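In: sequence first, predicted coordinates after that:
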Amino acid sequence: MARLKIYKDNYVDSTVVSNRFIDEYMKDANDAQLKVYLYLIRMLNANQAISVSDIADKFNHTEKDVMRSLKYWEKQKLLTLDYDDDKNLSGIHLCDLSTDHSPAASEQAIQTVQTLAPIRSLPASTAEPETEIAPSPYEKPVYSLDQLKEFKSRESTSQLLYVAEMYIGKPLTPSEIKSILFYSDVLGFSSDLIDYLIQYCVDRGKKDFKYIDKVAVSWAEEGVTTPKQAQRHANKYDKCVYTIMNELGKTGSPTAKEMEYINRWTKEYGFTTDIILEACERTVLATDKHRFEYAEGILSSWKNQNVHHKSDIQRMDDLYQKRKSAPRQAGTTNRFNSFTQNNYDFEALEKQLLSN
């Protein structure tokens, strides 16, 4: 793969990480994104050219992972990606974090670099064409410092931020204040609803704003606009979730992985609670370990069998017992004929799932 030249607005003779990066950007980035950005800084100050494949090999990531990380930082306006006429990645421009990163300022900085210092390397062959994805109506924007200052200066905001800090138990970071701005600006939550949202999450032992963001978006998707609606939604949600947890012999709040299973059963598979509880009951009778995985095996099988009601499960059970009790047909003992064609033993499938 071709070598990529990394360049930015100012140069230093050592690897320096901006305090602004640590304060505002580091918390929201995942492991791959952090590694890629820090490695870019390191290689820039070493004045060495690199390629996407070099970065992928360095951290045992795929080249797609690296490209996703680069595009993430481009979206955060910490860098810009240069492409040649064939839309191959040819350069990376690290932006100066000491300057304004509003859209207009970023555009001006990019134009200046392209005019005064058009540095390019050989074309890179692995850049993939962008797939147009419709943006989510609840995607958090990248707020500028001016927008953050304006939000904090509102008369109604200071009281809200004070209450939030009391719930969280510490001063809010700029990133956390941006989350609260997101609830108000994009989701349209009132101060009372934001107050209830943070209290609701803290009462469940969740002070991480990534978790609070997810709850806020789920409320927005459900059309929740008042604390009373949120309470009804939460009670309905908690009742379903904790009923499933109890049926599987679990106590306390569900983990992120357990919630992933429950959401899949209720939303993706579309099963009602009674069907899920039936699978949970069979799971508890079958195993003491890996119960969520076992229940997932049962429910995914039922989904493939077009189960929609408990009567469908009973019909499957009756059919299985009928096959099991039917006398074996007389015939040759050819070892190939001893297999039942296209009839799946549901009980055997469950045992197989348990053994995996």
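Out: Sure, I can see it.
In: which pLDDT value goes with residue 311?
Out: Here the pLDDT value assigned to residue 311 is 89.
In: in what helix or strand does it lie?
Out: Element membership of residue 311 [criterion: DSSP states H and E] is helix 310-325.
In: identify each buried residue in that helix, please.
Out: By neighbour count, with 16 or more other C-beta atoms under 10 Å as the criterion, the buried positions of helix 310-325 are residue 313. All C-beta spots, glycine's among them, are computed from the backbone N, C-alpha and C.
In: and stretch 161-178, by the same measure?
Out: Within stretch 161-178, the residues scored as buried using 16+ other C-beta under 10 Å are 161, 164, 167, 168, 172, 175, 176, 177, 178.
In: this structure - how does it break down into domains?
Out: Per the record, the chain has its domains at 5-116, 145-225, 242-327+340-355, by automatic domain parsing.
In: mean confidence score for the longest one?
Out: Averaged across domain 5-116, the pLDDT comes to 74.
In: residue contacts, the nearest residue to residue 194 once chain neighbours are set aside?
Out: For residue 194, the nearest residue in space outside its immediate sequence neighbours is residue 183; the separation is 5.0 Å by C-beta to C-beta, 6 or more residues apart in numbering. Listed by C-beta atoms under 8 Å, 6 or more residues apart in numbering, the contact set of residue 183 reads 189, 193, 194, 197, 216.
In: count the residues that sit near the last one.
Out: When you say that, I think you mean residue 216. The tally of other residues near residue 216 (other C-beta atoms under 10 Å) stands at 27.
In: check which helices and strands the helix or strand hosting it is in contact with.
Out: With the criterion set as DSSP H and E, the secondary-structure element containing residue 216 is helix 209-221. The contact analysis (3 or more C-beta pairs under 8 Å, 6 or more residues apart in numbering; DSSP states H and E) places helix 209-221 against helix 174-185, helix 191-203.
In: distance to residue 312 and mean pLDDT for those helices - can I get that in TSV?
Out: As requested, those are arranged in TSV below (distance: least, C-beta to C-beta, whole Å; pLDDT from 0 to 100):
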stretch	distance to residue 312	mean pLDDT
helix 174-185	42	92
helix 191-203	36	93
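In: any chance of these in TSV, plus distance to residue 87?
Out: Formatted as TSV, the entries for the helices and strands packed on helix 209-221 read as follows, by distance: least, C-beta to C-beta, whole Å:
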stretch	distance to residue 87
helix 174-185	32
helix 191-203	42
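In: closest to residue 308 out of those helices?
Out: With distances scored as C-beta to C-beta, the stretch of the helices and strands packed on helix 209-221 nearest to residue 308 is helix 191-203 (32.8 Å).
In: where do the strands sit along the protein?
Out: When assigned using DSSP state E, the strands of the chain occupy the ranges 5-8, 79-83, 89-94.
In: output those strands in JSON lines; the columns should cover distance to residue 322 and mean neighbour count.
Out: Rendered in JSON lines, the data for these read as follows (distance: least, C-beta to C-beta, whole Å; neighbours: other C-beta atoms under 10 Å):
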{"stretch": "strand 5-8", "distance to residue 322": "69", "mean neighbour count": "20"}
{"stretch": "strand 79-83", "distance to residue 322": "63", "mean neighbour count": "18"}
{"stretch": "strand 89-94", "distance to residue 322": "62", "mean neighbour count": "21"}
